[in-house]
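Trainee: Requesting a structural model of the entry that follows:
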Amino acid sequence: MTWHSVGVLSPGEMGAAVATVLRTHGLRVVTCLAGRSQRTCQRAEAARLEVVPTLAQLVHTVDAVLSIVPTMNATAVGEGIAQAIAQLGKPLCFIEANAISPMTSTTIEQTIIKAGGSYIDGCIIGGAASMDSSGMFYLSGPDAAAAAAALRAGGLQAEVLGERPGQASAFKMGYAGFTKGTTALLLELTLIAQAWGCLDAILAKYASSHPEAFRMFTTHLTTWPEYAAIRAEEMVEVAAMAEAAGIRSVMAPGAEEILTAMAQLSWDPQDARDQAALARQLPVQELIALLAAKGLRQASARPTSS
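Mentor: Numbers count the residues shown, from 1 in each chain. Take a look at the predicted model:
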């Protein structure tokens, strides 16, 4: 499997990072920005991506498509690409690289294969800023090995988990549940500590006793003002995956509740602290205090029984 051109949908923070690696390794990288935000358009321009007006034109132009979109958009993107594949009769390679459950992945797979394309179940672990060095694609399915080789040729790291479709999605959900679940737990605990006047002390203790967990917490928490709604949807997918395995999920719904509460907070474009939070420029102590001041404790509290 050799790729000369790749479609990336869409060039959000992670998509733009992946696209930049591919482009710098000699591949033609194409995207479609129909219905996308101004910020995404700016990222596409900054990454110097080729833009086409329709998904049909994208499919016509490229050898493979990487779907890197918010969790809640993954199915619609798969359906749009499948429609273009069927319209053009082109057996395109479609790599689903989103934070979705194996069941959602299977639904998209059926749509792509029915249209005449080939499907690789996948996910990405790592931050956008380090995609060229430590980011990793994990793939599964019958064509995973060939797709992994093509990604490596494009400058990306890729590992095959197995030939069973859904393995990569399950792997991602297990990892996302850990990172987001741990961050949600520590956010709740630090909000409590802030209310009791011992926030600085508890953060210092976390940092000295569990430095790796503390770094993960601060790294993830600073992105949540922008990405809370997407992360909440990931926890919905984790809970659905657990239910499909016959396990009653407790932790994922709790994390989803906290993330949903954060997603519902309002941010003032004229307020310097609000904008610093969205730009990930507030120290974690100040961010926690700001979230508390916005009522996150109350918003995420479960109703008490009467």
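
Trainee: Strands along the stretch 101-250 of the chain, start to end?
Mentor: Counting by DSSP state E, counting those that start in this stretch, the stretch 101-250 of the chain has strands at residues 118-125, 136-140, 157-162.

Trainee: wait, which of these is closest to residue 281?
Mentor: Each of the strands of the stretch 101-250 of the chain was checked against residue 281 via Cβ to Cβ, and the shortest separation belongs to strand 118-125, namely 25.0 Å. Placement of C-beta: from N, CA and C, glycine included.

Trainee: that older thread, any chance of the strands of the stretch 101-250 of the chain in JSON lines with mean neighbour count, distance to residue 207 and mean pLDDT as columns?
Mentor: Compiled in JSON lines, those are given as follows (neighbours: other Cβ atoms under 10 Å; distance: least, Cβ to Cβ, whole Å; pLDDT from 0 to 100):
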{"stretch": "strand 118-125", "mean neighbour count": "26", "distance to residue 207": "24", "mean pLDDT": "98"}
{"stretch": "strand 136-140", "mean neighbour count": "23", "distance to residue 207": "27", "mean pLDDT": "98"}
{"stretch": "strand 157-162", "mean neighbour count": "18", "distance to residue 207": "29", "mean pLDDT": "97"}
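
Trainee: possible to save those as a markdown table with distance to residue 250?
Mentor: What follows is the strands of the stretch 101-250 of the chain, written out as a markdown table (distance: least, Cβ to Cβ, whole Å):
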| stretch | distance to residue 250 |
| --- | --- |
| strand 118-125 | 24 |
| strand 136-140 | 26 |
| strand 157-162 | 26 |
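
Trainee: Nearest to residue 209, out of these?
Mentor: The stretch from the strands of the stretch 101-250 of the chain with the least distance to residue 209 (Cβ to Cβ) is strand 118-125; that distance is 25.4 Å.

Trainee: Need the residues that contact that closest one.
Mentor: For strand 118-125, the surrounding residues in contact (Cβ atoms under 8 Å, 6 or more residues apart in numbering) are 14, 18, 68, 91-99, 102, 105, 108-109, 112-113, 131, 135-141, 143-144, 147, 165-169, 171-172, 175.

Trainee: Go again with 7 Å.
Mentor: Counting by Cβ atoms under 7 Å, 6 or more residues apart in numbering, strand 118-125 makes contact with 14, 68, 91, 93-97, 99, 105, 109, 112-113, 135-141, 143-144, 147, 165-169, 171-172, 175, all of which sit outside it.
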